[in-house]
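In: Quick check, what structure comes out for this input:
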Amino acid sequence: MEDMEFDDIALYSRYLLGKANHSLFKARKKELRPFHISPQQATALFLVDSLGRQATLTEIARHTDRGVNSISPQMSTLEKDGLVKKTRIEPKSTLLSFKLTAKGLKTFQNTHKSQSIKDIMSILSDKEQKQLVSILQKIINNAEKY
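Out: Numbers count the residues shown, from 1 in each chain. Below you'll find the predicted structure:
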């Protein structure tokens with residue numbers, strides 16, 4: 001692919017961002033295989049742990065940039081697998097929150113470190129990683145305007 005010519009640097013940058021994202025996703029998926037969860041499920045477990053009582057469908061969807069309709073089946077699967085428990089925030093309320101079960105907590109503790117991503121990103125110095133984060137935040141902020 002390196003021999004492909006791109007006349008438009010923005011188009012080539014977008015191509016490289018997509019390729020990097022896909023490569024990181026595949027590495028994370030391979031790392032999670034022994035735990036029988038996907039990268040998306042690992043992210044959901046992380047958010048349930050981080051958000052605590054605020055771990056509602058709406059909040060999880062907001063933090064993942066997904067719709068509630070996308071997150072709801074994923075959370076149902078996690079509940080069926082015994083990793084999270086759905087509870088009502090108040091009795092007779094329709095507002096639900098999620099918390100990790102003992103099995104979910106153990107899975108989270110085994111999977112949240114994301115060593116593969118740390119190893120991959122270790123080729124960049126701390127300064128370069130901070131620059132990358134800054135650049136990506138600028139791109140995301142500008143893209144969200146569309």
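In: mean confidence for the top helix by length along the chain?
Out: For the chain, the helix with the greatest residue count under DSSP state H is helix 9-32. Confidence over helix 9-32 (mean pLDDT, whole number) is 95.
In: got the contact list for the very next helix or strand once past it?
Out: Downstream of helix 9-32, the first helix or strand assigned by DSSP states H and E is helix 39-51. The contact list for helix 39-51, computed with C-beta atoms under 8 Å, 6 or more residues apart in numbering, reads 25, 28-29, 32, 35, 37, 55, 59-60, 63-64, 71, 74-75, 77-78, 83-84, 98-100, 104-105, 107-108, 111-112. Heads up, the C-betas are built off the backbone N, CA and C, glycines and all.
In: Helix 39-51: how far from the chain's middle?
Out: Between the centre of helix 39-51 and the centre of its host chain there is 7 Å, according to C-alpha atoms, centre = their mean, to the nearest Å.
In: Looking at whichever helix or strand comes after it now, give me its mean pLDDT.
Out: Using DSSP H and E, the next helix or strand after helix 39-51 towards the C-terminus is helix 57-64. The average of the pLDDT scores along helix 57-64 is 94.
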